[in-house]
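[1] Just a sequence and a predicted model for now, questions to come.
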Amino acid sequence: MLTTMIRKLSSFTYLNVTQFLGALNDNIYKLLIVYFFIQLDGIENSYRILATTGFIFVLPFLLFSAFSGTLADRYSKRNIIIYTKVFELIIMALGIFAFYLESKIGSCCILFLLATQSALFGPSKYGILPELVSTEKISKANGLMTSFTFLAIIFGTFFASFLLDVSNRDFIIAAIFCTFIALVGLVTSCCIEYTEPAGSSKRFNIDFLYEIFSTLKFASKQPSLLMAVFGSAFFLFLGAFVQLNMIPYAIHVLNLTDVQGGYLFLLTALGIGSGAMLAGKISGKSVELGLVPLAGLGVTLSCFFLDYFSDNLSKVIPMVVLVGLFGGMYEIPLDSFIQVASPRKRRGQIVAATNFLSFFGVLCASGLLYFVSEILGFSADEGFTIIGCLTLGVTVLFSFQFFDYLTRFIGMILSRLHFQASYSGIENLPETPAIYVCTHMAWNDTLLMLGAQRRRVRFFIQQEQDHSKWMKRLYRMLRVVLIPSIEPLERNAVCLDAIRKTLCKGISVCIFVENENVLEEIEKLKHSYSFREILEETHYPIVPVWIEKGKKDKQSRFFTRLMEKFRVPASISFGTRIPASMPIPEDCEHHELCPNH
């Protein structure tokens, strides 16, 4: 019966449990060493001890990230995960002897080796996700893994103190517990299904800085990938600063103890886990980069309010949770995008470069805190305002970089609020960008299209009337191209060139036509030599779309009519995808492509 239950669990579940146990071990053992050094050197040296152990733990991520990325791309990621868990078990067993001998040097070496194991584990852990789950589940999978990671932080903080309390500060018993966790993690890692090597033949290079630089240079050639890497690294910088600043904020501003300050950060960790789960749910089957600027704005405002409400603990507590909540919503789309957008043979290296920048950001956070508090003399609450200003600047940058994603996400929300829409032919939506040719009834047709599909889309609308100033501004914000009525699209060189450039960027195109016969318009376009050149160059399909606006059901119940008072009934139908080489029959009245017939 137990064997049957084990087989029913997915490889992703075993991966999630494995990484949870690893993160739990990391957090328990780091705190055990801190408490061990405090016991040997005295509590008056706690800040020096925290700085030293923090630097030792970060150093392997800087030294070995490039190596671990190449390793993940050359060999089976599942096998690497198992070998790193064997390594972890050996390290934990050695940790028992380090505590038994009361060796400070030995404990530092164990911490360094444990961090090295985590550095080697990271690229394979995240790189294997697209190999275990389908693309539409990537966001949810990342949200779940991040939630479990921060749950491990919470449990690790608790168990480190709990184990020492119940054992009367017996570090050997605590180390034995960590060894047992490592053993369970090894067992769960063996249950992950085997994955084939990515096929990379890249050689290992001892010059890790050059490797990181060349990987980032490669990422810069992929649309939005480099910005996603820097954005993910900024999250760890932000989290490290919040964690470091939380203790002095609690002691000097809120008049709490250092332990109570630790509880405040646990609330932040709880918020991050909740935000990660929420981001996965909102993203659904796609990677929702439009969440990133909005979540960044949420982090910014929460940091500002931590300063503004610093004299009121009851208001500070929800702000602490919100910083984490928006932080989790900020991180998940970026991590998911890195995994999906990275080429399979370079995925491990790109994840490794992200890890390198992330832990370099942790060091920068320590330097920034020292500069702000010791050099400039700002208080801890003012420190949150400073990090809020930095986050605001990054958010503005992301708003420009991910503008198409942001407008699509906002358009989707407005579409859900404005329309009571029904969809048919959703299965005809391609995984790649596409050319949508759609009936045009009103300006809010753009919202319907933004709400019906989850890719970036650029609109080209036949201009039959003069629009108001506000409507022109809205169209400009949505990057709508108005096609002059004096010249049809198939002969408009400027519009055709804009369509070509848009498709080459991996962005879908939606052409709104006044003619109700969409297939007739598609046939006109396909007879255009210039448009056929675009189809042959991009190889993206054409999808006919029909939009209809209905009337409200006045005979429905009062409550239903009240809830739908401001929502317009509408239906949107997607026809069968038309390859560039496929002809369109003249008689479209009974054509199978049209879902209305």
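    Looks like it arrived, so ask away.

[2] now the closest residue to residue 86 other than its chain neighbours, what's its secondary structure?
    In space, residue 86 comes closest to residue 186 once its chain neighbours are excluded; the distance is 6.2 Å by Cβ to Cβ, 6 or more residues apart in numbering. C-betas here are computed from N, CA, C, even on glycine. Classification of residue 186 by DSSP: H, G, I helix; E, B strand; the rest coil places it in helix.

[3] so who does residue 186 touch?
    Applying Cβ atoms under 8 Å, 6 or more residues apart in numbering, we find residue 186 in contact with 82, 85-86, 88-89.

[4] Among the residues you listed, name the ones in helices.
    Using DSSP state H, the members of those that fall in helices are 82, 85-86, 88-89.

[5] Could you identify the buried members of those?
    82, 85, 88-89 (16 or more other Cβ atoms under 10 Å).

[6] which one of those sits closest to residue 319?
    Closest to residue 319 out of these is residue 88 (36.7 Å), distances taken as Cβ to Cβ.

[7] in terms of contact, does that closest one touch residue 25 like I think?
    Yes - Residue 88 is within contact range of residue 25, at 6.9 Å (criterion: Cβ atoms under 8 Å).

[8] what's the overlap in contacts for those two?
    Common neighbours of residue 88 and residue 25 (Cβ under 8 Å, 6+ apart) are 114, 182, 185.

[9] For ChimeraX, write a command that selects the buried ones of the residues you listed.
    Of the shared contacts of residue 88 and residue 25, the buried ones can be selected in ChimeraX as follows, counting by 16+ other Cβ under 10 Å:
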select :114,182,185
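
[10] out of the shared contacts of residue 88 and residue 25, which one sits closest to residue 215?
    Using Cβ to Cβ, the shared contacts of residue 88 and residue 25 come closest to residue 215 at residue 114, 25.0 Å.

[11] State the helix or strand in which the closest one lies.
    Per DSSP states H and E, residue 114 falls inside helix 104-127.

[12] which other helices and strands contact that helix?
    The elements that helix 104-127 packs onto, with contact taken as 3 or more Cβ pairs under 8 Å, 6 or more residues apart in numbering; DSSP states H and E, are helix 11-41, helix 46-74, helix 77-100, helix 313-341, helix 347-370.

[13] just the angle between that helix and helix 347-370, please?
    130 degrees (axes from the mean of the first three to the mean of the last three Cα atoms, to 10 degrees).

[14] any chance of the shared contacts of residue 88 and residue 25 in CSV, with distance to residue 161 too?
    As requested, the shared contacts of residue 88 and residue 25 are arranged in CSV below (distance: Cβ to Cβ, whole Å):
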residue, distance to residue 161
114, 19
182, 20
185, 22
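
[15] got the shared contacts of residue 88 and residue 25 as TSV, with distance to residue 207 and pLDDT columns?
    Converted to TSV, the shared contacts of residue 88 and residue 25 look like this (distance: Cβ to Cβ, whole Å; pLDDT from 0 to 100):
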residue	distance to residue 207	pLDDT
114	25	91
182	32	92
185	32	91
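
[16] Closest to residue 377 out of the shared contacts of residue 88 and residue 25?
    Of the shared contacts of residue 88 and residue 25, the one sitting nearest to residue 377 (Cβ to Cβ) turns out to be residue 114, at 36.7 Å.

[17] Just give the closest residue to that closest one, not the sequence neighbours.
    Nearest to residue 114 is residue 91, by Cβ to Cβ, 6+ apart, at 5.4 Å.

[18] Quick check, that neighbour in contact with residue 113.
    Yes - judged on Cβ under 8 Å, residue 91 makes contact with residue 113 at a distance of 4.8 Å.

[19] These two: which is more packed in?
    residue 91 (24 against 18; other Cβ atoms under 10 Å).

[20] ok, residue 105 - how many residues close by?
    With other Cβ under 10 Å as criterion, residue 105 counts 9.

[21] OK, contacts around it?
    Residue 105 neighbours (Cβ under 8 Å, 6+ apart): none.

[22] Could you dump the contacts of residue 186 into JSON lines and include pLDDT and distance to residue 356?
    Formatted as JSON lines, these follow (pLDDT from 0 to 100; distance: Cβ to Cβ, whole Å):
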{"residue": "82", "pLDDT": "92", "distance to residue 356": "24"}
{"residue": "85", "pLDDT": "93", "distance to residue 356": "22"}
{"residue": "86", "pLDDT": "94", "distance to residue 356": "24"}
{"residue": "88", "pLDDT": "92", "distance to residue 356": "21"}
{"residue": "89", "pLDDT": "93", "distance to residue 356": "26"}
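
[23] quick one: which of the residues you listed is nearest residue 434?
    Nearest to residue 434 among those, with distances taken as Cβ to Cβ, is residue 82, at 41.5 Å.

[24] For the closest one, list the residues it contacts.
    186, 189-190, 192.

[25] Also residue 439?
    Residues near residue 439 by Cβ under 8 Å, 6+ apart: 445, 512-513, 515-516, 518, 545-547.

[26] Recalculate using a threshold of 7 Å.
    513, 516, 518, 546-547 (Cβ atoms under 7 Å, 6 or more residues apart in numbering).

[27] And residue 434, by the same measure?
    Contacts of residue 434 (Cβ under 7 Å, 6+ apart): 508, 540-541, 543.

[28] Next one: it from residue 146, what distance?
    Using Cβ to Cβ, to the nearest Å, residue 434 is found at 32 Å from residue 146.

[29] Residue 349 too?
    22 Å.

[30] between these two, who's got more neighbours?
    residue 349 (31 against 21).

[31] ok, the more buried one touching residue 73?
    Yes - the pair residue 349 / residue 73 is scored as a contact, 5.8 Å apart, by Cβ atoms under 7 Å.

[32] Look at residue 318 and report its pLDDT.
    Residue 318 carries a pLDDT score of 92 in this model.

[33] Near it, how many other residues are there?
    Counted with other Cβ under 10 Å, residue 318 comes out at 15.

[34] residues in contact with it?
    Per Cβ under 7 Å, 6+ apart, neighbours of residue 318: none.

[35] what does stretch 113-124 rub up against?
    So stretch 113-124 is in contact with 22, 26, 29, 57, 60-61, 64-65, 68-69, 71-72, 77, 80-81, 84, 87-88, 91, 348, 351-352, 355, going by Cβ under 7 Å, 6+ apart.

[36] at 8 Å instead, please
    So stretch 113-124 is contacted by 19, 22, 25-26, 29, 56-61, 63-65, 67-69, 71-72, 77-78, 80-81, 84-85, 87-88, 91-92, 94-95, 347-349, 351-352, 355 (Cβ under 8 Å, 6+ apart).

[37] Please check those residues and keep the buried ones.
    Buried among these by 16+ other Cβ under 10 Å: 19, 22, 25-26, 29, 56-61, 64-65, 67-69, 71-72, 77-78, 80-81, 84-85, 87-88, 91-92, 94-95, 347-349, 351-352, 355.

[38] Go ahead and confirm residue 383 touches residue 245.
    Yes - under the criterion of Cβ under 8 Å, residue 383 makes contact with residue 245 at 4.9 Å.

[39] what's the overlap in contacts for the two?
    With Cβ under 8 Å, 6+ apart as the test, residue 383 and residue 245 both reach residue 369.

[40] one step back: got a markdown table for the contacts of residue 186, with distance to residue 419 too?
    Shown next, in a markdown table, are those (distance: Cβ to Cβ, whole Å):
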| residue | distance to residue 419 |
| --- | --- |
| 82 | 50 |
| 85 | 50 |
| 86 | 55 |
| 88 | 52 |
| 89 | 56 |
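
[41] Pick the one among these closest to residue 577.
    For these, the nearest to residue 577 is residue 82 (42.3 Å; Cβ to Cβ).

[42] Okay, the closest one and residue 128: tell me how far apart.
    As defined by Cβ to Cβ, residue 82 lies at a distance of 12 Å from residue 128.

[43] same thing with residue 244?
    In terms of Cβ to Cβ, residue 244 sits 32 Å off from residue 128.

[44] in which helix or strand would I find residue 437?
    strand 435-439.
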